[in-house]
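**Student:** sequence unavailable; structure follows:
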Ligand code: UTP
């Protein structure tokens, strides 16, 4: 009888939040940028909720000094719980209990901000020898089906690493990691080459990598051999290029809208997008936006 290869499930998600957040200073000086509020919850909560909605079992948070607020946000606070219960604030009490029980979170420290590649490498012992998801702690996707789940469906088919991409204007490619590849079907490309923030005019591809990846565990081996690249940091894109030379890799144009909430303009756009979807706020907010637009 012909044996079919067992699909290894994606059980763990690595979320790096150890960056310095220099683009968001001074707001991010004492408060992690991942804890800045988008409507009624911090950025990181939307990302954790995407992970949970995608059926992943465990989060590996890559943190650094000064980021304890992120772990505390997902922890149980008994004092607050008792106080809210005593005051009869049962709805918010329930919501906080739910938040503390969302998913198991393991935190690992990245001791120096040596780059995204180095942050992922820090997770190697906790992830082990299995494929895993990566979601950047400041990258939000608004979509009907969670972006991570869309990627996991493709993974079940291809069982190789996948980077999420969006098309960007050619004059913006120098701000992103760029994929050069061959389209194999709608939204799916086979990766041929990757380059981190290419100098203007050096690539004809406008396929930009966003903050969602499914990675084969061989990435850790590649990362351990990656030397500092663009900006003097250990770049994940450089390790991905090495991995793509060894194994197949795919780029997936996800369905939805992505917002870089680590950037001031991206953050403002994210607030508008989430407010316009918020069940209790959307109608009044839409009216307000129309009034502001009409008056300007
Ligand atoms: P960014 O490129 O946004 O870098 O990192 P940053 O340092 O956080 O912010 P800026 O550019 O100075 O404003 C993308 C993701 O990778 C994490 C960040 O926390 C963010 O989620 N990261 C980056 C790390 O965990 N460690 C690093 O050394 C660098």
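**Tutor:** Yep, that arrived. What you are looking at is a predicted structure, and each value in this text was computed from that prediction instead of being measured. Residues are numbered from 1 along each chain as shown.
**Student:** output the contacting helices and strands for the top helix by length along the chain.
**Tutor:** Looking across the chain with DSSP state H, the single longest helix is helix 282-295. Judged by 3 or more Cβ pairs under 8 Å, 6 or more residues apart in numbering; DSSP states H and E, helix 282-295 is in contact with helix 264-275. In this view, the C-beta of every residue, glycine as well, is placed from N, C-alpha and C.
**Student:** for the helix it packs on, packing partners?
**Tutor:** Right, helix 264-275 is packed against strand 37-38, strand 139-142, strand 257-260, helix 282-295 by 3+ Cβ pairs under 8 Å, 6+ apart.
**Student:** in its sheet, what does the first one sit against?
**Tutor:** Within its sheet, and counting by DSSP bridges, strand 37-38 is paired with strand 41-42 (antiparallel).
**Student:** just confirm yes or no for the partner strand near the ligand.
**Tutor:** No. On the criterion Cβ under 6 Å from any ligand atom, strand 41-42 is out of touch with the ligand, staying 13.0 Å away.
**Student:** would you mind listing what in the stretch 101-250 of the chain touches the ligand?
**Tutor:** 110, 113, 114, 115, 116, 118, 119, 136, 137, 138.
**Student:** tell me which residue in this protein sits closest to the ligand.
**Tutor:** The ligand sits closest to residue 19 of the chain, with a gap of 1.9 Å, by Cβ to the nearest ligand atom.
**Student:** leaving out sequence neighbours, find the closest residue to that residue.
**Tutor:** residue 113 (6.0 Å; Cβ to Cβ, 6 or more residues apart in numbering).
**Student:** equivalent analysis for residue 105, please.
**Tutor:** residue 59 (4.7 Å).
**Student:** count of neighbours near the residue nearest to residue 19?
**Tutor:** 16 (other Cβ atoms under 10 Å).
**Student:** and what of the one 10 residues further on?
**Tutor:** The local packing of residue 123 (other Cβ under 10 Å) involves 23 other residues.
**Student:** please report how far it lies from residue 60.
**Tutor:** 5 Å (Cβ to Cβ, to the nearest Å).
**Student:** just put the helices and strands packed on helix 264-275 in JSON lines and tack on mean neighbour count.
**Tutor:** What follows is these, written out as JSON lines (neighbours: other Cβ atoms under 10 Å):
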{"stretch": "strand 37-38", "mean neighbour count": "16"}
{"stretch": "strand 139-142", "mean neighbour count": "22"}
{"stretch": "strand 257-260", "mean neighbour count": "20"}
{"stretch": "helix 282-295", "mean neighbour count": "11"}
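**Student:** with distance to residue 12 added, can I get the ones you listed in a markdown table?
**Tutor:** Shown next, in a markdown table, are the helices and strands packed on helix 264-275 (distance: least, Cβ to Cβ, whole Å):
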| stretch | distance to residue 12 |
| --- | --- |
| strand 37-38 | 25 |
| strand 139-142 | 18 |
| strand 257-260 | 22 |
| helix 282-295 | 34 |
